[in-house]
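Peer 1: Need a 3D model of the following:
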Amino acid sequence: MAQKPKVDPHVGRLGYLQALVTEFQETESQDAKEQVLANLANFAYDPNNYQYLRQLQVLDLFLDSLSEENETLVEFAIGGLCNLCPDRTNKEHILQAGGIPLITNCLSSPNEETVLSAVTTLIYLGSAGPGCHPELTALPLVQCMLRFSLSTNTRLRNLAQIFLEDLCSPSQVAEARSRQAHSALGIPLPRTAAPEQC
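Peer 2: Residues are numbered from 1 along each chain as shown. Predicted coordinates:
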């Protein structure tokens with residue numbers, strides 16, 4: 001006899017998302033958590049779901065999951081935030097909730113997709129223009145993007161260049177480049193994205 005699915009898709013969009021959130025919070029299974037977070041990240045891609053996801057505090061769930069030791073959960077959480085970031089209200093919530101340091105921590109992940117989503121999310125968060133959020137152009141972050149811009153990974157290199165061009169002033173980039181020449185400090189490159197730079 002086939003098992004009945006845990007979530008009934010006929011309960012409506014809000015009810016379905018609520019059931020996913022409840023399952024994520026209640027399950028002890030890491031596999032189930034990963035599957036639920038992947039589903040929520042996919043729902044975050046559709047602007048029609050933004051209101052429901054805010055109502056159910058899924059943005060905070062994603063932010064909290066960035067601190068998990070499970071790399072797969074972190075990957076899906078940053079992917080979900082990346083999907084939500086084009087929306088101004090979601091962007092403001094992430095910024096007000098102290099999301100920048102949590103997202104920045106993802107830049108040192110060994111998971112390439114996590115790093116790519118983190119850089120993209122930071123670009124979205126800074127899309128209001130240079131100088132809007134000083135945390136986004138802190139020296140270690142700009143130095144990290146300079147290193148990423150030298151990566152052999154085309155996607156990472158291109159995203160880093162967009163970050164440097166769109167979020168940073170020429171003087172910030174010049175200062176970071178000058179300081180980098182005299183210092184080994186900063187955020188390490190992800191191992192999978194540019195192993196030759198480690």
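
Peer 1: which residues does Ser149 contact?
Peer 2: Ser149 makes contacts with Arg157, Ala160, Gln161, Leu164, as judged by Cβ atoms under 8 Å, 6 or more residues apart in numbering. Glycine gets a C-beta too; all of them are placed from N, C-alpha and C.

Peer 1: Is the residue nearest the centre of the chain within a helix or a strand, and which one?
Peer 2: In the chain, the C-alpha closest to the average C-alpha coordinate belongs to Ile78, at a distance of 3.1 Å (Cα atoms, centre = their mean). Ile78 is part of helix 71-84 when elements are defined by DSSP states H and E.

Peer 1: Quick one: name whatever helix or strand follows that helix.
Peer 2: Downstream of helix 71-84, the next assigned helix or strand under DSSP H and E is helix 88-96.

Peer 1: right, and the helix or strand after that next one?
Peer 2: Of the helices and strands lying after helix 88-96 in sequence (DSSP H and E), the nearest is helix 99-105.

Peer 1: How about the least confident helix or strand in the chain by mean pLDDT, which residues are buried there?
Peer 2: Evaluated with mean pLDDT, DSSP states H and E, the helix-and-strand set of the chain has its lowest mean pLDDT in helix 170-181, which scores a mean of 89. Along helix 170-181, the positions that meet the burial threshold by neighbour count (16 or more other Cβ atoms under 10 Å) are Gln172, Val173, Ala176, Arg179, Gln180.

Peer 1: quick revisit: can you convert the contacts of Ser149 into a markdown table and add a column each for secondary structure and neighbour count?
Peer 2: Listed next are those as a markdown table, based on DSSP: H, G, I helix; E, B strand; the rest coil; neighbours: other Cβ atoms under 10 Å:
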| residue | secondary structure | neighbour count |
| --- | --- | --- |
| Arg157 | helix | 16 |
| Ala160 | helix | 21 |
| Gln161 | helix | 14 |
| Leu164 | helix | 21 |
